[in-house]
Structures are given as C-alpha cells and as structure tokens.
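[1] Generate a structure from the sequence data that follows.
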Amino acid sequence: MYTNWAHFYIPKFNGLCSFLVNPLFIFIIFNDKKLQLGNYRYLLLYFAIFNMTCSTCDILVPMCVHDHRYAFSVFIFDGIFVKYSEINQFVLAFRCSFISATYAILHAHFAYRFLVIFNNKFLRKYFLPYGMILTVVWCIFHMVYWTVACYSFIGADRERKLYMRDSIREVYGLDSLDLNMIVTLYRDGSYDAVQKSLIGIVSITFLSVDSVLLYFILGLLIIRKLNANGLIMSKKTKKLQTQLMKALVVQSVIPTVVSFAPCICSWYQPVFGIELGRGVYHAATIAVSAFPFFDPLAILFFVPTFRQRIQEQIKGIVTFNSSRTTSDNNT
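    Here you go, the predicted structure:
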C-alpha cells in the first residue's frame, strides 16, 4: 500500500544509509591503532550489527501508525507480511520489540562506561565472555517482554479491529479485518478489550520509562565521576572517556527523540480523544527508522580520531577516482 512518498521512501533511504554507515563504522573501530578501545570494540560491533538488523526489519516489516478516537493502532501496510495470519501478527509484535532492544543495548553501553571508571579491573577480567553474554541476554529479555505484551495483550482481536475499521477504510482504503494490527483501546469497548489494552500499554510504558531513567542516572554518575578531582586516570584516557561519553549522550538522545517521545505521544493522545493527523503519525514511523543510521554517526563525529579516519577514507576515494579519470583520459 502506498501512503505518501515520505512515508514510503524515507525509511528505505534510512535503511540504505544504515547499511553504508555501519560497515564503515565497524571497519574504523577494528582498524584503529591509536585509541586502543579494547573490549569496547565488541560492544560497538554488537550495536552496529543490531542497527543493520533493525534497518532490515524496517524494510521487511514496514509499519503505519494510526489513531482514531480512543484507540491507538499500528499495522503492517506493505511487504511479504502484509496479509493477515497469526504468524504475521507475531512478526509485527516482534518488530515492535526492537524499540525496547535499543534501550537494552544502551544500558550495556552505559554500564560499560560506568565500570571503566568505577571498577576497570573487574571489567577487564569478566567482560569477555560474561559481559557480552549478559548484554545479549538482557537484550533478549527486553525483546521477549515487548513481544509478549504486543502479541498477547494489545494484539488486535476482532472487536478492536472493528473499532478501527471505518477510520482505516476511509483513510487508507483497507479493511482492518485483513490487517495484522496492534490496537490499544482506552474507551468505547468491552471490559476485556479495554483491560487487556491497558495491561499491555502500561507494561511497555513501564519498561520504556524505566529504561530511559536508568541510562539517565548512569550518565549523571559517569559525568560526575569524570569531573571529580580525585579520579586517577591519565589525561589522554580521561579525554577519550569524555569524548566517548559525549557520543553516548547523543546516542541516548537520538532514541529518546526519534523513538521514546513519538511512541509515548502516539500511545496516549487517544486517551484524550485527540487526533493529530496522518502527517504526524507518518513522521513517527519515519523518525524510528532514522535511529540505526544516526546512531553510529554520534561516535564517528564526537571522537576526533574517528572523524579524521572518515576524512582520510573520503579523501582516498576522491583521489583514487581522480587519478583513475586522469589515467583514462591519457589513454
């Protein structure tokens, strides 16, 4: 289904950019000989792979957000999973869980930076393999939690689909009964439908808010420690930690702005019966798809050594193309 050019093409463009930037990011961090990031490289590698996986899901499972009166909904509008089935309904719930997985991986980044400053010996001794295993398990827990909530509690049953039917048919020309949907119904429904909706939405809201608060608290503790006079660390190491912390703050702001805030707004505006229009709903979907692309740029921009490597790579490509063109002209 074609909605509009921005909603249809920009997530795909963001996915393409993600598959260009993240491999470059991996190449730079594993070929760096100056900063000596140590085991942190593996955490960054994990995040980069996750970003590309998330972009793949954006392309394979394109979602559309639509609010109507006292209900919030998300549905698959295109692709191989668009036709309704229980499996495709589960795929939609699983796709939504990547939002929570983003928070889980950010927790791992903040925890790593926290331990570098507060207990570096413990980190060096146990991060590989136990720290990475714990990171993966923590991420899986978040994804399972969200998938269960989205599939079992706010996965659309017939009643909730019928509530959205006229609105979706009017706006998109589709029958909601044929769609894979997640619907949160706050009013105008049966007790069971409203209760399940509230349980599901409160569950994922709790995990989302808790996640943001956790990396906010860890961030404050890290910044306070970095600014403390009693921190025993070389100037070079402290400078690197400060640069990485700035990048991590930006990495945290990105999902907060493009994921957390749009989600909270979309989830709860139907409580008040407010409809903001298709443009706002499409913007929320577009914003979520931008995270895997912008995320690695934060580290590449805020760490001067990485920024310099990018400039060198671009300069090398330009020089190679120029010399090749000159050679072709001479022949």
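[2] distance of F260 from F50?
    According to Cβ to Cβ, to the nearest Å, F260 stands 17 Å off from F50. Every residue, glycine included, has its C-beta placed from N, CA and C.
[3] pLDDT value on E312, please?
    Predicted confidence (pLDDT) for E312: 78.
[4] Select the longest helix from this structure.
    Counting by DSSP state H, the longest helix found in the chain is helix 191-226.
[5] Next secondary structure after that helix?
    Heading C-terminal from helix 191-226, the first helix or strand you meet, by DSSP states H and E, is helix 235-255.
[6] Now stretch 160-167: buried residues?
    Within stretch 160-167, the residues that qualify as buried by neighbour count (16 or more other Cβ atoms under 10 Å) are 160-161, 163-165, 167.
[7] before we move on, what about stretch 205-214?
    Quick answer for stretch 205-214 (16+ other Cβ under 10 Å): 207-208, 211-212.
[8] Ok, stretch 241-250 next?
    Applying a neighbour-count criterion of 16+ other Cβ under 10 Å, one finds 241, 243-250 buried in stretch 241-250.
[9] Same question for stretch 52-64.
    So, applying 16+ other Cβ under 10 Å, buried residues of stretch 52-64: 52, 54-55, 57-59, 61-64.
[10] which one of these is nearest Y103?
    The shortest approach to Y103 among the buried residues of stretch 52-64 belongs to C54, at 12.6 Å (Cβ to Cβ).
[11] For that closest one, give me its contacts.
    Applying Cβ atoms under 8 Å, 6 or more residues apart in numbering, one finds that C54 lies in contact with 18, 98, 101-102, 291-292.
[12] Serialize these to a markdown table and add fields for neighbour count and pLDDT.
    Formatted as a markdown table, the contacts of C54 follow (neighbours: other Cβ atoms under 10 Å; pLDDT from 0 to 100):
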| residue | neighbour count | pLDDT |
| --- | --- | --- |
| S18 | 27 | 95 |
| F98 | 24 | 94 |
| A101 | 19 | 94 |
| T102 | 28 | 91 |
| F291 | 23 | 86 |
| P292 | 29 | 91 |
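[13] mean confidence score for stretch 241-260?
    Mean predicted confidence for stretch 241-260 is 82.
[14] Please state the offset of that stretch from the chain centre?
    12 Å (Cα atoms, centre = their mean, to the nearest Å).
[15] How about stretch 272-284?
    20 Å.
[16] tell me which residues in that stretch are buried?
    278, 281-284.
[17] the strands in the stretch 51-200 of the chain, which residues?
    Remark: strands assigned in the stretch 51-200 of the chain by DSSP state E, counting those that start in this stretch are 63-68, 71-76, 181-185.
[18] Would you mind putting those into JSON lines with distance to H142 and mean pLDDT alongside?
    Shown next, in JSON lines, are the strands of the stretch 51-200 of the chain (distance: least, Cβ to Cβ, whole Å; pLDDT from 0 to 100):
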{"stretch": "strand 63-68", "distance to H142": "19", "mean pLDDT": "91"}
{"stretch": "strand 71-76", "distance to H142": "18", "mean pLDDT": "94"}
{"stretch": "strand 181-185", "distance to H142": "17", "mean pLDDT": "97"}
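[19] Pipe these into TSV and attach distance to F94 per row.
    TSV is the format used below for those (distance: least, Cβ to Cβ, whole Å):
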stretch	distance to F94
strand 63-68	12
strand 71-76	12
strand 181-185	11
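[20] Figure out which of those is closest to L174.
    strand 71-76 (8.3 Å).
[21] From G131, how far out is N39?
    Taken as Cβ to Cβ, the span from N39 to G131 is 8 Å.
[22] actually F8, not the one I typed
    Distance from F8 to G131, by Cβ to Cβ: 40 Å.
[23] Tell me which of the two has more neighbours.
    With neighbours defined as other Cβ atoms under 10 Å, F8 and G131 compare such that G131 has more, 20 against 15.
[24] so what's that one up against?
    39, 112, 123.
[25] who wins for neighbours among those residues?
    Counting neighbours by other Cβ under 10 Å, L123 leads these with 21 neighbours.
[26] what about the closest residue in space to that residue that isn't next to it in sequence, distance to K225?
    Leaving aside its chain neighbours, L123 sits nearest to L115 (4.2 Å; criterion: Cβ to Cβ, 6 or more residues apart in numbering). To K225, L115 is 11 Å away according to Cβ to Cβ.
[27] mind showing which ranges of the protein have poor pLDDT?
    1-3, 229-232, 277, 279-280, 317-318, 320-331 (pLDDT under 70).
[28] and with 80 instead?
    1-6, 33-36, 226-238, 240-241, 251, 258, 273-284, 305, 311-331 (pLDDT under 80).
[29] quick one: which of the buried residues of stretch 160-167 is nearest to L198?
    R160 (12.7 Å).
[30] So that closest one is in contact with A71, correct?
    Yes: counting by Cβ atoms under 8 Å, R160 touches A71, with 6.9 Å between them.
[31] Which neighbours do the two have in common?
    183, 185.
[32] how about I117, what does it touch?
    With Cβ under 8 Å, 6+ apart, I117 has these contacts: 222, 225-226, 231, 233, 241.
[33] All good on my end, thank you.
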